[in-house]
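Chemist: Can you look at this prediction? I've put the sequence above it.
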Amino acid sequence: MSTPTPSLASGPSTVLELALRLKSRRDEAQGIVSFELIDPAGAALPPFEAGSHLLVECAPGVVRSYSLCNAPSQRSAYLIGVLREPQSRGGSVAVHERWQVGQTVRVSRPRNHFPLAEGDGRVLLLAGGIGITPLLAMAEHLSAQGRPFELHYGTRTAAHAAFVERLRCAPFANSVHIHHDDGPPEQAFDAARVIGAPGAGDHLYACGPAGYLAHVMQTAEGLGWPAAQLHQELFQASGELVVAGDAPFEIVVANRGVTVQVPADETALQALTRAGIDVMWSCEQGVCGSCVTAVLEGRPDHRDQYLTEADRTRNDCFMPCCSRSLTPRLVIEV
């Protein structure tokens, strides 16, 4: 993952700067709908790289992060795929039930925390469920570059597999392998066989739910893959945001001259929001990186699944949606 930029932690009015028109919606699979967003005047959209995502206002005050899944060379539209989450906190339900063709949707410019590495080594793209979305853009980009790759896409059933017809008709269709949990044994996903031993320039990219990613990463590590050649993007965090034994702490917002008390049973983001401090957020699970906030003093207790070890060692940022403080006082800037 790329290094986050603390200055991105700003209000929705500054981040959701694009107003796009919803051109089309399409049912892609059971519980998954795709949406095509265009500039109302027909202008080319800001460029994006494979692996990028948008922050999207699903409903007033509800912002979520969705991967771009069209080819990066396409500037006429942005394509996103949205899974209706069984435990939705309002984002995916609003998208599925309320979004209509012709309406205006506010989004951010594309951001990329899941970039492709340059090189000519073997590339493995491993997707679980809705994790196919950023890997579609990666496959399109790699194919356009003429770089060899394999895309393995696993779902519970054939009915849950999105964008299958697109994959079957793609110029890289021979590089695509689809696996269903309820399918015949010969098509089952065998992580060890697919991943194999690493070459010096090989890279593996995986996206999907936490259990799928844990299986892929543990298998790759067991086969000797170095951490620098493994890349993953989570769509859901594991664990609780507030746990027993958490202590209260104090946040000083230096550029606002405000001090906020964070109780033991509340997240820093919740406390800041309650105090009227506008911090950009999306997933509230420490996955997407939207709320990364600059740290000036104090030592954060990092609980996210987004920041790298290098980010944490610098001690200059943290994610208030899930992380806390190891010191009684944390001085930040938003």
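Modeler: Looks like it arrived, so ask away. Numbering: from 1, shown residues only.
Chemist: C-alpha only now, for contacts and for neighbours.
Modeler: Will do.
Chemist: Show me the chain divided up by domain.
Modeler: In terms of domains, the chain is parsed into 6-107, 123-234, 249-333 (source: automatic domain parsing).
Chemist: Extract the residue ranges of the stretch 1-150 of the chain that are flagged as low pLDDT.
Modeler: By pLDDT under 70, the weakly predicted segments of the stretch 1-150 of the chain are 1-14, 87-89.
Chemist: mind listing the strands for it?
Modeler: The residue ranges that make up the strands of the stretch 1-150 of the chain, judged by DSSP state E, counting those that start in this stretch, are 18-29, 32-38, 53-59, 62-67, 78-83, 104-107, 123-128, 149-155.
Chemist: which secondary structure elements does the fourth one contact?
Modeler: Put plainly, it is strand 62-67. Packing contacts for strand 62-67, counted by 3 or more Cα pairs under 8 Å, 6 or more residues apart in numbering; DSSP states H and E, involve strand 53-59, strand 78-83, helix 91-98.
Chemist: List of residues touching it?
Modeler: Under the criterion Cα atoms under 8 Å, 6 or more residues apart in numbering, residues 51-58, 80-82, 90-91, 133-134, 281-283, 288 lie in contact with strand 62-67.
Chemist: the inter-axis angle of it versus helix 91-98?
Modeler: Strand 62-67 and helix 91-98 are oriented at 90 degrees to each other (axes from the mean of the first three to the mean of the last three Cα atoms, to 10 degrees).
Chemist: what lines up beside strand 62-67 in the sheet?
Modeler: Looking at strand 62-67 with DSSP bridges, its paired strands and their directions are strand 53-59 (antiparallel).
Chemist: Measure how the partner strand sits relative to strand 18-29, angle-wise.
Modeler: 90 degrees.
Chemist: So that it lines up with my notes, have the first residue be 53 from now on.
Modeler: Happy to do that; since the first residue is 53 now, the last one works out to strand 105-111.
Chemist: In strand 105-111, which residues are buried?
Modeler: Along strand 105-111, these residues count as buried under the neighbour rule (16 or more other Cα atoms under 10 Å): 105, 106, 107, 108, 109, 110, 111.
Chemist: of all those, which comes closest to residue 252?
Modeler: If you rank the buried residues of strand 105-111 by distance to residue 252 using Cα to Cα, residue 105 comes first, at 28.8 Å.
Chemist: picking up where we left off before, right, and the domains of the chain - which one's nearest residue 166?
Modeler: Using Cα to Cα as the measure, domain 58-159 is the one of these that comes nearest residue 166, at 5.0 Å.
Chemist: Quick check on the residue at the greatest distance from the centre of the chain: phi, psi?
Modeler: In the chain, the greatest distance from the average C-alpha position (Cα atoms, centre = their mean) is reached by residue 309, at 32.4 Å. The main-chain torsion angles of residue 309 are listed as degrees, to the nearest 10 and equal phi 70, psi 30.
Chemist: Quick check: the gap between it and residue 145.
Modeler: 38 Å (Cα to Cα, to the nearest Å).
Chemist: For residue 224, find the nearest of the helices and strands packed on strand 114-119.
Modeler: Taking Cα to Cα as the criterion, residue 224 comes closest to strand 130-135 out of the helices and strands packed on strand 114-119, the separation being 19.2 Å.
Chemist: Tell me how far the closest one lies from the chain's centre.
Modeler: Going by Cα atoms, centre = their mean, to the nearest Å, the spacing between the C-alpha centre of strand 130-135 and its chain's C-alpha centre is 12 Å.
Chemist: Output that strand as CSV - backbone C-alpha positions only.
Modeler: Extracted as CSV, the C-alpha positions of strand 130-135 are listed here (Å, rounded to 0.1, in the frame of the first residue of the first chain):
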residue,chain,number,x,y,z
TYR,A,130,-16.1,5.7,-13.8
LEU,A,131,-17.5,2.2,-13.1
ILE,A,132,-18.0,0.9,-9.6
GLY,A,133,-19.5,-2.3,-8.2
VAL,A,134,-21.4,-2.3,-4.9
LEU,A,135,-22.2,-5.3,-2.8
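Chemist: just checking, what packs against it?
Modeler: Secondary-structure packing of strand 130-135 (3+ Cα pairs under 8 Å, 6+ apart): strand 84-90, strand 114-119, helix 143-150.
Chemist: could you redo the last one with a cut-off of 7 Å?
Modeler: If you count contacts as 3 or more Cα pairs under 7 Å, 6 or more residues apart in numbering; DSSP states H and E, strand 130-135 packs onto strand 84-90.
Chemist: Adding distance to residue 346, write the helices and strands packed on strand 114-119 out as TSV.
Modeler: Supplementary listing: the helices and strands packed on strand 114-119 in TSV, determined by distance: least, Cα to Cα, whole Å:
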stretch	distance to residue 346
strand 105-111	20
strand 130-135	30
helix 143-150	26
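Chemist: Looking at these, which is nearest to residue 297?
Modeler: Put simply, out of the helices and strands packed on strand 114-119 the one that sits nearest residue 297 is helix 143-150, at 30.6 Å, with distance taken as Cα to Cα.
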